[in-house]
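S.K.: Sequence first, then the predicted structure, then my questions.
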Amino acid sequence: MPRTSVARGGRRAVFADRDGTIIEDRHYIADPADVALIPGSPEALIRLRGLGFALVVVTNQSGIGRGLYTLADYRRVAAETDRQLKRAGVVVDATYFCTDAPGGNPETTCRKPSPVLYRQAARDLGLTPAGSYFVGDKLTDVLPAAPLGGTGILLRTGHGAAEEERMAGAGRPGADWLVADDLAAAAELIERLESRRRDSSGNPASLTRFPP
């Protein structure tokens, strides 16, 4: 469900999670007073915009499906997030959210890691998922990258450090992604990858691989 759309056709995007990536994860945020930008995240988004990427937020909001807060609560939190970002000089092209609770039909749910919302964003905004970046603090944020031809970057903010430790210990067949400390570090990494891509016209970088 996009709120704003100012991207131009044919662009690649940075698809970023919200809670634990851009704002602090307060566990089912329902009160705008709880919105706090993660330090460095606005500057990171500005940097990514400067590289020519569309900025699209894709967020699971299962608290609505679970009955923990309402759609109106979500919209107030989203409006406060946008207000703080705009005050910092950031304009997000669009925000998409899924209200489904876990355990739904995997064939029809929009809940990440489903590609449904990413494909909708591509259609709505004329974006190219291939070559785009999928950034967040959970595996559900980065797993859509591979089937859509993009690059996933797992952040150590929010749940990311625990996710990284869990996957490193257990292994995950076929799961490829990069790892960065936070969104600011991810923006720096993306800038380096893009420079390398332009220079070599080859693969952007070797991925962090957790072998089967």
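M.R.: The structure has been received and is ready for your questions. Numbering: from 1, shown residues only.
S.K.: residue boundaries of the helices in the protein?
M.R.: 41-50, 62-65, 71-87, 116-125, 139-142, 145-148, 160-170, 183-200 (DSSP state H).
S.K.: Can you say which of those is nearest to residue 32?
M.R.: Nearest to residue 32, of all the helices of the chain, is helix 71-87, at 3.7 Å by C-beta to C-beta. From N, CA and C alone the C-beta is placed, and that goes for glycine too.
S.K.: count of neighbours near residue 160?
M.R.: Applying other C-beta atoms under 10 Å, we find 26 residues neighbouring residue 160.
S.K.: leaving aside the residues next to it on the chain, what's closest to it?
M.R.: Once flanking residues are discounted, residue 160 sits nearest to residue 137: 3.8 Å by C-beta to C-beta, 6 or more residues apart in numbering.
S.K.: So what would you say the end-to-end distance of stretch 108-127 is?
M.R.: Taking C-alpha to C-alpha, to the nearest Å, stretch 108-127 runs 22 Å from one end to the other.
S.K.: Please give the centre-to-centre distance between that stretch and its chain.
M.R.: In terms of C-alpha atoms, centre = their mean, to the nearest Å, the centre of stretch 108-127 is set 12 Å apart from its chain centre.
S.K.: So for stretch 69-83, what gets flagged as buried?
M.R.: Across stretch 69-83, burial judged by 16 or more other C-beta atoms under 10 Å covers 69, 73, 74, 76, 77, 78, 80, 81, 82.
S.K.: can you check stretch 37-54 too?
M.R.: Across stretch 37-54, burial judged by 16+ other C-beta under 10 Å covers 37-38, 40-42, 44-49, 53-54.
S.K.: just stretch 57-69 next, same as before
M.R.: Buried residues in stretch 57-69, counted by 16+ other C-beta under 10 Å: 57, 58, 59, 60, 61, 62, 63, 64, 65, 69.
S.K.: Now the terminal residues of it, how far apart.
M.R.: 20 Å.
S.K.: Contacts for it, please.
M.R.: 15-19, 22, 28, 30, 70-71, 74, 92, 94-102, 111-112, 117-118, 121, 140-141 (C-beta atoms under 8 Å, 6 or more residues apart in numbering).
S.K.: Could you do stretch 187-196 as well?
M.R.: Residues outside stretch 187-196 that contact it (C-beta under 8 Å, 6+ apart) are 14, 43-45, 47-48, 51, 53, 133, 151, 153, 178, 180, 204-205.
S.K.: Repeat the analysis, applying 7 Å as the threshold.
M.R.: 44, 47, 48, 51, 133, 153, 178, 180, 204, 205 (C-beta atoms under 7 Å, 6 or more residues apart in numbering).
S.K.: same check, this time on stretch 83-100
M.R.: Residues outside stretch 83-100 that contact it (C-beta under 7 Å, 6+ apart): 1-7, 35, 37, 42, 45-46, 54-62, 64-65, 74, 78, 82, 109-112, 117, 120-121, 124-125.
S.K.: okay, it in CSV with CA atoms only?
M.R.: Extracted C-alpha coordinates of stretch 83-100, given in CSV (Å, rounded to 0.1, in the frame of the first residue of the first chain):
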residue,chain,number,x,y,z
ARG,A,83,7.8,13.6,9.5
GLN,A,84,11.1,12.8,11.2
LEU,A,85,12.7,11.7,8.0
LYS,A,86,11.5,14.8,6.1
ARG,A,87,12.8,17.0,8.9
ALA,A,88,16.2,15.3,8.3
GLY,A,89,16.0,15.9,4.5
VAL,A,90,14.7,12.4,3.5
VAL,A,91,11.8,11.8,1.2
VAL,A,92,10.9,8.1,0.7
ASP,A,93,9.4,7.2,-2.7
ALA,A,94,6.8,4.8,-1.3
THR,A,95,6.0,2.7,1.7
TYR,A,96,4.4,-0.8,1.4
PHE,A,97,3.1,-2.7,4.4
CYS,A,98,1.6,-6.1,5.0
THR,A,99,-0.9,-6.7,7.9
ASP,A,100,-0.9,-10.5,7.6
